[in-house]
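Chemist: Got a sequence here, can you model it:
(2 chains)
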Amino acid sequence: MTDWVDVWTLAEQHEGKLHSVSFELLARGRALAEAKGCRLCAVVLGAEVSQAQAEELIARGADRVYVVEHPALAHFAVEPFAGALRHLVETYHPEVVIAAATTTGRTLMPYLSVQVHAGLTADCTGLEIDPKTGNLLQTRPAIGGNIMATIVTPDARPQMATVRPRSMRPAPRQEGRTGEVVRVSVPEALLASRVRLESFERDEGEIPLADADVVVSGGRGMGRAEGFRLLGELAEALGGSVGASRAAVDRGWQPYPHQVGLSGKTVSPRLYLACGISGSIQHLAGMQTSEHIIAINADPDAQIFQVADVGIVGDLFQVLPALLERIREAKGTP
Amino acid sequence: MRLIVPIKQVPETSNVKMDPETGTMVRSGVEAIVNPLDLYAIEAALRLREAHGGQVVALSMGPPAADKALREAMAMGCDEAVLLSDRRFAGSDTWATAYALAQAIRKLGPFDLIICGERATDGDTGQVGPGIASFLGLPAITYVSKIGELADGGVRVERLVEGGRERLWAALPAVLTVVKEIAYPRLPTLRGKQRARQAQVPVWGPPEIEAREDWLGLKGSPTRVVKIEKPQVARQGEIIRIKEAEDVDRAVDAVMARLREWRILS
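Modeler: From the prediction side, this is the model:
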């Protein structure tokens, strides 16, 4: 009988830089490791992983960092990444493995869970240890965000979950924390890939929606595509990005990468300005962790007002131009 | 090209009603539809067939009524359809679902691509596509926004990731999951509907797909749902109603004050 121990988090890095989502996972993982009284381990896979990166993960809560370095891990491809992680899982037997619900985590984790015959829960917003059984309680929205389901993996190990990015604050650096770095070499055969990256085109000119401090979003109430020009100007004045509800994207007013909500992106900006968005549960699931929310909608019963710090019931085409003018005045720009 | 499109029948959730007492979905009177995101996978497959010739097979696992979803796929233009339906499949989580679908795909014979929707709108996991790839030992490329040329025994695709687009080459056969950008799904044609009505849609159970029964259904599922509840929405803020012109100024004043308080504006 194998002993399954420790809580693992999968760090994400790109070209030598750790993504902050890695630290969000450490914050989650730390709480789980404390509850279980076990170690928190971080896993980093990459072409080159520096000692400084491993130490950063220790400073932010990891007791041990597993590092696999190989040219095949320079960019995400599911076969070598799953191969490396599978090798680690089968060597060290973690009890819990959590990854971010990013394009990487959402691809790698289901692929791995099949290989190691483990249970996996997608896109969790809550993770806890059941004090009675010691099992991982995994809570996630389902059926378009209309319900919250709590899921357990009673027998299979490891217990695997992906966690919604920005659903938790990153673990802060604690100077003086110590931990060990374990570099592991993985058999070549596990690192073969039948997919090649030929090029990468970065989104230019705009702040990626998920990283924006301010998101100005429009919905059905914008009336037509032209309405979004005003939102673009507002976003620019506030140094933010434009988002859209599914209703607006389905009507072709904004392209899909701008969609906020359960079937689009999850955002957690300092300010979310919702314009003409009714606030379906699906939309709320993608933005309700925003620090501050302002909503403008003609319908006083719109559900968006239930999550707003400031709700304006009225015609957004009256309010927004006036607001834009005042913001520009305040910033001293014409 | 031989293309396989696994689809799911889901409840129409855009107007879903919840029972406030039990926190569960009101299922009566809820229409069952083809998972809207699967329509994009069907469209992508049909376009590949139109460009390169071949065959598109739709595959689904579900109750007998899921036959309707497969006939809709055929009405859009899929050539064949197979339904996995048996009590022993009931209660499958994504692991067991991916296993059953992968077994069925093995049974369907050689293929070039499996094209899946990004996720189903009821479960919202997106795990079954990569899971099928893993069971079949094939590469999976997720979030595909464009399928390009066939080259060197593979296919060029574009993949939407955080902050940009990857251009990738993948050897065939492979599993793709596609996003909405891939192509706008066509509507069924009248002729397609007639053909779909008359088509044979075979129903397969565990024996037909040579599945291990202990890997099927609830018994074969590593995960269990232990609690369902209605999400809490809570944040009661200030509400400003605009009735007259001066209310606009009042609203803008209030917003400006908050933007300063929250340090969005200095």
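Chemist: Just list the residues touching residue B:100, thanks.
Modeler: The contact partners of residue B:100, taken as Cβ atoms under 8 Å, 6 or more residues apart in numbering or on different chains, are B:61, B:84, B:89, B:92, B:209, B:211, B:216. For the C-beta atoms, the positions are set from N, CA and C on the backbone; glycine is no exception.
Chemist: can we see that at 10 Å?
Modeler: For residue B:100, the contacting residues are B:61, B:84, B:86, B:88-89, B:92, B:128, B:132, B:135, B:204-206, B:209, B:211, B:215-217, B:220, taking Cβ atoms under 10 Å, 6 or more residues apart in numbering or on different chains as the criterion.
Chemist: any idea of the mean pLDDT in stretch A:310-319?
Modeler: Per-residue pLDDT values across stretch A:310-319 average out to 95.
Chemist: Check stretch A:169-181 too.
Modeler: Per-residue confidence for stretch A:169-181 averages out to 94 on the pLDDT scale.
Chemist: residues in contact with that stretch?
Modeler: A:9, A:19-31, A:39-42, A:44, A:49, A:51, A:53-67, A:268.
Chemist: Just the buried ones from these?
Modeler: Under a neighbour-count criterion of 16 or more other Cβ atoms under 10 Å in any protein chain shown, the subset of those counted as buried comprises A:9, A:19-31, A:39-42, A:44, A:49, A:53-67, A:268.
Chemist: What about those, which are in helices?
Modeler: Using DSSP state H, the members of the buried ones among the contacts of stretch A:169-181 that fall in helices are A:20-31, A:53-59.
Chemist: Of those, which ones also sit close to chain B?
Modeler: Contacts with chain B are made by residue A:21 out of those, judged by Cβ under 10 Å from any Cβ of the partner chain.
Chemist: Low-confidence bits of chain B, can you list those?
Modeler: B:13-28, B:231-236 (pLDDT under 70).
Chemist: wait, I meant chain A
Modeler: Scanning chain A with the threshold set as pLDDT under 70 gives A:1, A:144-146, A:205-206, A:333-334.
Chemist: Now do the helices in it.
Modeler: Listed in chain order, the helices of chain A (DSSP H) span residues A:20-36, A:51-59, A:78-92, A:105-115, A:227-237, A:246-250, A:281-287, A:316-331.
Chemist: Check chain B too.
Modeler: Assigned by DSSP H, the helices in chain B fall at B:36-52, B:67-76, B:94-108, B:128-136, B:190-198, B:245-261.
Chemist: got the contact list for residue B:212?
Modeler: If you count contacts by Cβ under 10 Å, 6+ apart, residue B:212 has them with B:99, B:103, B:206, B:220.
Chemist: Now do the contacts for residue A:4.
Modeler: Residues near residue A:4 by Cβ under 10 Å, 6+ apart: A:38, A:89, A:92, A:93, A:94, A:95, A:96, A:156, A:157, A:158, A:159.
Chemist: To clarify, my last question referred to residue A:152.
Modeler: Counting by Cβ under 10 Å, 6+ apart, residue A:152 makes contact with A:119, A:121, A:130, A:133, A:135-138, A:159, B:222-227.
Chemist: How about it: what's its closest non-neighbour residue?
Modeler: Excluding the flanking residues, the one nearest residue A:152 by Cβ to Cβ, 6 or more residues apart in numbering or on different chains is residue A:135, at 4.9 Å.
Chemist: from what I can see that neighbour touches residue A:127, true?
Modeler: No - under the criterion of Cβ atoms under 10 Å, residue A:135 is not in contact with residue A:127, lying 11.2 Å apart.
Chemist: State which one residue of the stretch 1-150 of chain A is found closest to chain B.
Modeler: Closest approach between the stretch 1-150 of chain A and chain B, counting by Cβ to the nearest Cβ: residue A:119, at 3.1 Å.
Chemist: tell me which residues form a beta bridge with that residue?
Modeler: Using DSSP bridges, the beta-bridge partners of residue A:119 come out as residue A:159.
Chemist: If I follow the layout properly, it ends up in contact with residue A:138?
Modeler: Yes - look at residue A:119 against residue A:138 with Cβ under 10 Å: they come within range, at 8.9 Å.
Chemist: quick one, which of those two is more surrounded?
Modeler: residue A:138 (30 against 25; other Cβ atoms under 10 Å in any protein chain shown).
Chemist: and the more buried one, bridged to which residues?
Modeler: Residue A:138 has the following beta-bridge partners by DSSP bridges: residue A:127, residue A:151.
Chemist: check contacts around it.
Modeler: Applying Cβ under 10 Å, 6+ apart as the definition, the contact partners of residue A:138 turn out to be A:96, A:98, A:119-128, A:149-153, A:159-163, B:223, B:225-226.
Chemist: what does residue B:255 give?
Modeler: A:273, A:294, A:296, A:310, A:312, A:319, A:322, A:323, A:326, A:327, B:240, B:264.
Chemist: surely the fourth one meets residue A:272?
Modeler: Put plainly, it is residue A:310. No - with contact taken as Cβ under 10 Å, residue A:310 and residue A:272 are classed as non-touching, separated by 11.2 Å.
Chemist: which residues do these two both contact?
Modeler: By Cβ under 10 Å, 6+ apart, residue A:310 and residue A:272 have these common neighbours: A:292, A:293, A:294, A:295.
Chemist: Redo these as a markdown table? Include neighbour count.
Modeler: Output for the shared contacts of residue A:310 and residue A:272, formatted as a markdown table (neighbours: other Cβ atoms under 10 Å in any protein chain shown):
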| residue | neighbour count |
| --- | --- |
| A:292 | 20 |
| A:293 | 25 |
| A:294 | 27 |
| A:295 | 28 |
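Chemist: and these near chain B, which?
Modeler: When Cβ under 10 Å from any Cβ is applied, the members of the shared contacts of residue A:310 and residue A:272 adjacent to chain B are A:292, A:293, A:294, A:295.
Chemist: just checking, which of those residues belong to strands?
Modeler: The strands, defined by DSSP state E, take in A:292, A:293, A:294, A:295 from those.
Chemist: Relative to chain B, which of those residues is nearest.
Modeler: residue A:292 (5.2 Å).
Chemist: Please name the bridge partners of that closest one.
Modeler: In this structure, residue A:292 has the following beta-bridge partners (DSSP bridges): residue A:271.
Chemist: quick revisit: for PyMOL, write the selection for the buried entries among the contacts of residue A:138.
Modeler: Buried subset of these, written as a PyMOL selection, criterion 16+ other Cβ under 10 Å:
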select buried, (chain A and resi 96+98+119+120+121+122+123+124+125+127+149+150+151+152+153+159+160+161+162+163) or (chain B and resi 223+225)
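Chemist: mind giving me the domain split of chain B?
Modeler: Partitioning chain B according to automatic domain parsing yields domains covering residues B:2-215, B:235-266.
Chemist: Please verify my assumption that residue A:325 contacts residue B:252.
Modeler: Yes - in this structure, residue A:325 sits in contact with residue B:252. The criterion is Cβ under 10 Å, and the distance is 8.6 Å.
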